[in-house]
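**Student:** dropping a prediction and its sequence here:
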Amino acid sequence: MKLLLVEDEPELQEITVKHLKADGYVVDACGDGLSAVDFAFATVYDAIILDIMLPGLDGLQVLRQLRGKGQAVPVLLLTARDSIEDRVKGLDAGADDYLVKPFSYAELTARIRALLRRQSPEIKSDKLGLADLEMDLNSRIVTRGNQTISLTQREFNLLEVLLRNQNIVLTREKIEQQIYDFGFEGGSNVIDVYIRYLRKKIDPNHEPKLIHTMRGIGYVLRDGD
Ligand code: CA
């Protein structure tokens, strides 16, 4: 899951990014409204956490620009005070939810999870799966059959992208965009390497094979050839 955090207080930005990354999210962060618009149009995010009081454009102006240009990405607004006026303005501008500062990190992640669930109505629980492969997004436990599979954070994120897009062929670029943050400059075979690691963990000793290589195109997760 890839998030954009727009927050101009450096300490709050830093600590929030640290927490989110520790929880397995891929996170880009910036501290002003103009950069936020640039980021939001340069990359596909699963959700944006957007402070209202920002230099450049404020959060509401950013939101209006995104919605005005058809960006439907879920947005969680951060407001400094709990005024009804702010809330109404935020919702009118197209926010999906808002959180009043100061907030606890636990509340922030609960709101994010709720936004992501609403975004993908086919995901009724916090579980993803295909055949006998199952991923629990909260406990971050992956099992195949009765066997628990231990994955690194990067492998987990890669598998999550594949599971969310099962039966869809993904190019390396598309995968890369979803599992790395903005500053990433990897070689072209980085995704192939991670796919190889992941395949070794989930496919041997099991039928059917789930990870399929589409030569010259990319990869697809599906049940059967
Ligand atoms: Ca601010």
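**Tutor:** On my side now, so go ahead. Residues are numbered from 1 along each chain as shown.
**Student:** so what pLDDT did the residue of the chain found nearest the ion get?
**Tutor:** Relative to the ion, the nearest point of the chain is Met53 (3.8 Å; Cβ to the ion). Just so you know, the C-beta spots here come from the backbone N, C-alpha and C atoms, and that holds for glycine as well. Note for Met53: predicted pLDDT of 93.
**Student:** surely it and Arg81 touch.
**Tutor:** No - the criterion here is Cβ atoms under 8 Å, and Met53 misses it with Arg81 at 10.0 Å.
**Student:** quick revisit: contacting residues around the residue of the chain closest to the ion?
**Tutor:** Applying Cβ atoms under 8 Å, 6 or more residues apart in numbering to Met53 gives the contacts 8, 59, 80.
**Student:** neighbours around Val142, how many?
**Tutor:** Using other Cβ atoms under 10 Å, Val142 has 23 neighbouring residues.
**Student:** oh, I was asking about Glu107
**Tutor:** Counted with other Cβ under 10 Å, the neighbours of Glu107 add up to 11.
**Student:** phi, psi for the residue nearest to it when sequence neighbours are not counted please.
**Tutor:** Leaving out its chain neighbours, the residue that sits closest to Glu107 by Cβ to Cβ, 6 or more residues apart in numbering is Leu99, at 6.7 Å. Backbone torsions for Leu99, taken as degrees, to the nearest 10, come to phi -140, psi 130.
**Student:** isn't Leu99 right next to Thr79, touching?
**Tutor:** Yes - if you go by Cβ under 8 Å, Leu99 and Thr79 touch, sitting 7.4 Å apart.
**Student:** quick one: name the residues of the protein near the ion.
**Tutor:** 8, 51, 53 (Cβ under 5 Å from the ion).
**Student:** as CSV, these with secondary structure would be great.
**Tutor:** Output for the residues of the chain next to the ion, formatted as CSV (DSSP: H, G, I helix; E, B strand; the rest coil):
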residue, secondary structure
Asp8, coil
Asp51, strand
Met53, coil
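**Student:** kindly reformat these as JSON lines containing distance to Asp203.
**Tutor:** Formatted as JSON lines, these follow (distance: Cβ to Cβ, whole Å):
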{"residue": "Asp8", "distance to Asp203": "45"}
{"residue": "Asp51", "distance to Asp203": "43"}
{"residue": "Met53", "distance to Asp203": "49"}
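**Student:** with the residues you listed in mind, which one is nearest to Leu116?
**Tutor:** Asp51 (19.5 Å; Cβ to Cβ).
**Student:** what are the bridge partners for that closest one, then?
**Tutor:** Legend: beta-bridge partners of Asp51 under DSSP bridges are Leu78.
**Student:** just the CA coordinates of the biggest helix by length in the chain, formatted as PDB?
**Tutor:** In terms of residue count, the longest helix belonging to the chain (DSSP state H) is helix 105-119. The C-alpha atoms that make up helix 105-119 are tabulated as PDB, following Å, rounded to 0.1, in the frame of the first residue of the first chain:
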ATOM      1  CA  TYR A 105      -0.700   7.100  15.600                       C
ATOM      2  CA  ALA A 106      -3.100   4.200  16.400                       C
ATOM      3  CA  GLU A 107      -6.100   6.400  15.400                       C
ATOM      4  CA  LEU A 108      -4.300   7.500  12.200                       C
ATOM      5  CA  THR A 109      -3.700   4.000  11.000                       C
ATOM      6  CA  ALA A 110      -7.200   2.900  11.900                       C
ATOM      7  CA  ARG A 111      -8.500   5.700   9.700                       C
ATOM      8  CA  ILE A 112      -6.200   4.800   6.900                       C
ATOM      9  CA  ARG A 113      -7.200   1.100   7.100                       C
ATOM     10  CA  ALA A 114     -10.900   2.100   7.000                       C
ATOM     11  CA  LEU A 115     -10.200   4.400   3.900                       C
ATOM     12  CA  LEU A 116      -8.400   1.600   2.100                       C
ATOM     13  CA  ARG A 117     -11.200  -0.900   2.900                       C
ATOM     14  CA  ARG A 118     -13.800   1.500   1.500                       C
ATOM     15  CA  GLN A 119     -11.600   2.000  -1.600                       C
END
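**Student:** thanks a lot, catch you later.
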